[in-house]
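Enquirer: pasting the sequence and the predicted coordinates here, then a few questions.
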Amino acid sequence: MSQQKVLKDLDPYERKMLSLLEESGQMKFVEIIMRLGLSANHGQRVLNSLLDKKLLVHGDGSRYMAS
């Protein structure tokens with residue numbers, strides 16, 4: 001599946017999180033949810049979805065980054 005097709009199929013929160021991490025490089029979970037205005041539960045669901053799709057990777061320590 002092409003990268004554009006995958007990005008088109010993402011929900012708006014997944015797109016926002018992915019673009020935030022592409023701009024910022026590595027970020028901690030708390031920074032991500034604060035910047036996007038998400039609750040911890042919603043942020044974790046979006047993050048897990050992106051990790052399952054292999055669009056994000058868990059960097060060093062507690063940081064996440066776009067793959």
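Expert: Perfect, thanks for sending it.
Enquirer: CA atoms for contacts and neighbours, from now on please.
Expert: Fine.
Enquirer: now for residue 45, how many residues are close by?
Expert: If you count neighbours by other CA atoms under 10 Å, residue 45 ends up with 13.
Enquirer: the helix or strand hosting residue 65 pairs with which strands, parallel or anti?
Expert: Taking DSSP states H and E as the criterion, residue 65 maps to strand 63-66. Using DSSP bridges, the strands paired with strand 63-66 are strand 27-28 (antiparallel), strand 56-58 (antiparallel).
Enquirer: what's in contact with it?
Expert: Contact with strand 63-66 is made by 18, 21-22, 25-29, 55-59, as judged by CA atoms under 8 Å, 6 or more residues apart in numbering.
Enquirer: rerun at 10 Å
Expert: With CA atoms under 10 Å, 6 or more residues apart in numbering as the test, strand 63-66 has contacts from 17-32, 47, 50-51, 54-59.
Enquirer: please apply the same query to stretch 48-60.
Expert: The contact list for stretch 48-60 (CA under 10 Å, 6+ apart) reads 3, 6-7, 10, 14-15, 17-18, 21-22, 26-28, 42-47, 63-67.
Enquirer: that older thread, so which bits of the strand holding residue 65 are buried?
Expert: 63-66 (16 or more other CA atoms under 10 Å).
Enquirer: and stretch 33-49, what's buried?
Expert: 33, 43, 46-47.
Enquirer: narrow those to those in helices?
Expert: 33, 43, 46-47 (DSSP state H).
Enquirer: what about this structure, any weak spots by pLDDT?
Expert: Low-confidence segments of the chain, defined by pLDDT under 70: 1-3, 5.
Enquirer: hang on, isn't residue 33 packed against residue 21?
Expert: No: using CA atoms under 10 Å, residue 33 is not in contact with residue 21, being 11.5 Å away.
Enquirer: before we move on, back to that, chain center to the strand holding residue 65: distance?
Expert: Relative to its chain's centre, strand 63-66 lies at 7 Å (CA atoms, centre = their mean, to the nearest Å).
Enquirer: dump that strand to PDB, restricted to CA.
Expert: Extracted as PDB, the C-alpha positions of strand 63-66 are listed here (Å, rounded to 0.1, in the frame of the first residue of the first chain):
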ATOM      1  CA  ARG A  63       9.900   9.500  23.500                       C
ATOM      2  CA  TYR A  64       8.000   8.800  20.300                       C
ATOM      3  CA  MET A  65       8.900   9.800  16.700                       C
ATOM      4  CA  ALA A  66       7.600   9.400  13.200                       C
END
